[in-house]
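Trainee: output the structure for:
(2 chains)
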Amino acid sequence: EPEVTQTPSHQVTQMGQEVILRCVPISNHLYFYWYRQILGQKVEFLVSFYNNEISEKSEIFDDQFSVERPDGSNFTLKIRSTKLEDSAMYFCASTEGGPSYNEQFFGPGTRLTVL
Amino acid sequence: AQTVTQSQPEMSVQEAETVTLSCTYDTSESDYYLFWYKQPPSRQMILVIRQEAYKQQNATENRFSVNFQKAAKSFSLKISDSQLGDAAMYFCAYAANFGNEKLTFGTGTRLTIIP
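Mentor: The predicted structure follows:
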């Protein structure tokens, strides 16, 4: 069964460093998302991406964040200068898309720890 | 803006018994989907059940069923014959019925199964 994959599973970085979180969505999916979950809190939407551009972004998704689909398979989230409060679990999701809602399939997540 | 509220931070149930997790939501949309996601200690997001707002019949998936009250904007999850493997965080989520709409999550309910 196709699945969304994410690498790395755990990333430790120093405050101020740049990190890139990688996702491989399901191959025929067209819409991609990043969500964030700070430990013990709810899952929050960061950004959605379609046709090589951002469809929607939340207030959390400030200028420190960027997303890219560098090739036909990867979907990346870059945090330019990490802060302590960026420590969280980051989930990638993808869906086929269409005129009505289609299920979003989640990856296993990347745990980001900022020291 | 849509909001999802889960008022029970923690619940516990005896193995083999039935438990109900509560969720309320607020939206101005008439066409939307509601979901329950399970997050075990691995932190993977697993879709348990979904309900289309236009359907009056409550969704069921084996031991999992929902009580969807559209007028009251209530969406509870019932787990019958609870098993040890049901122990997890459960998140209620909402998405408007557009092709690539984001998910909005509640704060979660931690379910403990007592052997």
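Trainee: could you find the closest non-adjacent residue to residue 63?
Mentor: Just going to use chain A. residue A:80 (7.7 Å; Cβ to Cβ, 6 or more residues apart in numbering or on different chains). All C-beta spots, glycine's among them, are computed from the backbone N, C-alpha and C.
Trainee: meant chain B actually
Mentor: Counting by Cβ to Cβ, 6+ apart, residue B:63 lies nearest to residue B:80, which is 4.7 Å off, once chain neighbours are set aside.
Trainee: list the contacts of the one you found.
Mentor: Counting by Cβ atoms under 8 Å, 6 or more residues apart in numbering or on different chains, residue B:80 touches B:18, B:63-65.
Trainee: enumerate the residues of chain B near chain A.
Mentor: Residues of chain B lying close to chain A (Cβ under 8 Å from any Cβ of the partner chain) are B:33, B:42-45, B:47, B:50, B:91, B:93, B:95-108.
Trainee: filter these to the buried ones?
Mentor: Applying 16 or more other Cβ atoms under 10 Å in any protein chain shown to the residues of chain B next to chain A, the neighbour count classes B:33, B:45, B:50, B:91, B:93, B:95-97, B:99-108 as buried.
Trainee: in strands, which of those residues appear?
Mentor: B:33, B:50, B:91, B:93, B:95-96, B:104-105 (DSSP state E).
Trainee: which members of these are the farthest-apart pair?
Mentor: For those, the farthest-apart pair by Cβ to Cβ is B:91 and B:96; their separation is 17.4 Å.
Trainee: so what's residue B:99 scoring on pLDDT?
Mentor: If you check residue B:99, the pLDDT there is 68.
Trainee: in contact with residue A:106, which residues?
Mentor: Residue A:106 touches A:4, A:35, A:91-93, B:44-45, counting by Cβ under 8 Å, 6+ apart.
Trainee: any chance of those in TSV, with pLDDT, distance to residue A:107 and secondary structure too?
Mentor: Converted to TSV, the contacts of residue A:106 look like this (pLDDT from 0 to 100; distance: Cβ to Cβ, whole Å; DSSP: H, G, I helix; E, B strand; the rest coil):
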residue	pLDDT	distance to residue A:107	secondary structure
A:4	94	4	coil
A:35	98	10	strand
A:91	96	6	strand
A:92	97	4	strand
A:93	96	7	strand
B:44	87	8	coil
B:45	90	9	coil
